[in-house]
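Enquirer: Quick one, what's the 3D model for this:
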Amino acid sequence: MNTLTGKSPKLTLLGAGPGDPELLTLKGINALKDADVVLYDSLVNEEILAHANRALLVFVGKRKGNHSHTQDEINELIVDYSMEFGHVVRVKGGDPFVFGRGKEEEIYALEKGIEVEVIPGISSSVAVPASVGIPVTSRGVAESFWVITGTTSDRELSKDLLLAAQSSATVVVLMGMSKLAEIVAIYTGLGKADLPVAIIQDGTKIAQKEVVGTIQNILEISQNQGIKAPAVIVIGEVVHLARVKKQLQEDWVLEDEFIFQNLNTLPFSN
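Expert: Numbers count the residues shown, from 1 in each chain. This next block holds a predicted model:
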């Protein structure tokens, strides 16, 4: 089959990571450099597109209530562009197989006779909590973790959350800000109003914001601080460990302030 580039049709499903462009894998960079067409989502940091310096860039982002393309249209674009140009790189935030509908696109392309490669990405479900010092598992605190979508294809909160909430595991909710009140209600009904919660908006990006509270006050805190999607919600005792990192940072700053004061100088001065 001949294309304009002389290449065989190929689809690469690429996970771009949680947002920081430096968290893109080396294999992902190489795929972008080789791309003839790049289809990218709204959660992808556009800085990484500089690696695709000879590709046609096509935005196919989907956000709640604002879809530039339907999934069926994206599937067709993958096939059409690969048949015409050759190598299509479909870039998704995080990992393409973690609530990214990557498998649907892979199957569709394979059924059309197109070669498919999958390049995993660092999932925001673990990387974003880590960015504020929260491990999703920690010895003696949490032995396992759940990763749950806050909004299913039916626009409902996943029923798995009720099961997860009954465990002692860390629960990470993606795409769940619009369902935060429902999440709080479930945990409150289980007598877990004091369970720690962290919400991290724009995780690993320069604009990152985070708040920490408990089930009983996280709604009020997040509203007061203006926390919005996209955000990762982390529920569980591991959230307490974020304070260790923050406390260590505060101790370091206080110690430095004492030293600088005694040296009669100021830190970070130009």
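Enquirer: Can I take it that Ile233 is in a helix?
Expert: No. Using DSSP: H, G, I helix; E, B strand; the rest coil, the secondary structure at Ile233 is strand, not a helix.
Enquirer: neighbours of the residue lying closest to Pro96 once chain neighbours are set aside, just the number please.
Expert: Nearest non-adjacent residue to Pro96, counting by C-beta to C-beta, 6 or more residues apart in numbering: Gly102, 3.1 Å away. For every residue, glycine as well, the C-beta is placed using N, CA and C. Number of residues near Gly102 (other C-beta atoms under 10 Å) recorded here: 21.
Enquirer: hang on, isn't Gly102 packed against Glu117?
Expert: No. The criterion here is C-beta atoms under 8 Å, and Gly102 misses it with Glu117 at 11.5 Å.
Enquirer: any common contacting residues for those two?
Expert: Here Gly102 and Glu117 share the contacting residues Leu13, scored by C-beta atoms under 8 Å, 6 or more residues apart in numbering.
Enquirer: Could you check how far the nearest residue to Leu195 once chain neighbours are set aside is from Lys209?
Expert: Leaving out its chain neighbours, the residue that sits closest to Leu195 by C-beta to C-beta, 6+ apart is Ile215, at 5.0 Å. As judged by C-beta to C-beta, to the nearest Å, Ile215 and Lys209 stand 20 Å apart.
Enquirer: Gly100 belongs to a strand?
Expert: No. Under three-state DSSP, Gly100 falls outside any strand and is assigned coil.
Enquirer: Now do the nearest residue to it once chain neighbours are set aside, the pLDDT please.
Expert: In space, and not counting its chain neighbours, Gly100 is closest to Lys92: 4.4 Å by C-beta to C-beta, 6+ apart. Here the pLDDT value assigned to Lys92 is 97.
Enquirer: Next: Arg63.
Expert: According to the prediction, Arg63 has pLDDT 58.
Enquirer: The one 3 residues further on too?
Expert: Turning to Asn66, the model gives it a pLDDT of 54.
Enquirer: for Gln261, same thing?
Expert: Gln261 is given a pLDDT of 48.
Enquirer: Make sure Thr25 is actually in contact with Gly121.
Expert: Yes. Applying C-beta under 8 Å, one finds Thr25 in contact with Gly121, separated by 7.0 Å.
Enquirer: which residues are in contact with both of the two?
Expert: Counting by C-beta under 8 Å, 6+ apart, the shared contacts of Thr25 and Gly121 are 15, 17.
Enquirer: Distance-wise, check Met177 relative to Val232.
Expert: Counting by C-beta to C-beta, the gap from Met177 to Val232 is 10 Å.
Enquirer: the more surrounded of those two?
Expert: Between Met177 and Val232, counted using other C-beta under 10 Å, Val232 has the larger neighbour count: 32 against 21.
Enquirer: roughly how far apart are that one and Ile107?
Expert: 28 Å.
Enquirer: Likewise for Leu26?
Expert: Taken as C-beta to C-beta, the span from Leu26 to Ile107 is 27 Å.
Enquirer: One more: Gly19?
Expert: Per C-beta to C-beta, Gly19 is found 28 Å from Ile107.
Enquirer: any low-confidence regions in the stretch 51-200 of the chain?
Expert: Applying pLDDT under 70 to the stretch 51-200 of the chain flags residues 62-67.
Enquirer: quick one: the strands in the chain?
Expert: Applying DSSP state E to the chain gives strands spanning 10-15, 37-40, 56-59, 62-63, 66-67, 87-92, 115-119, 145-149, 170-174, 196-201, 209-214, 231-235.
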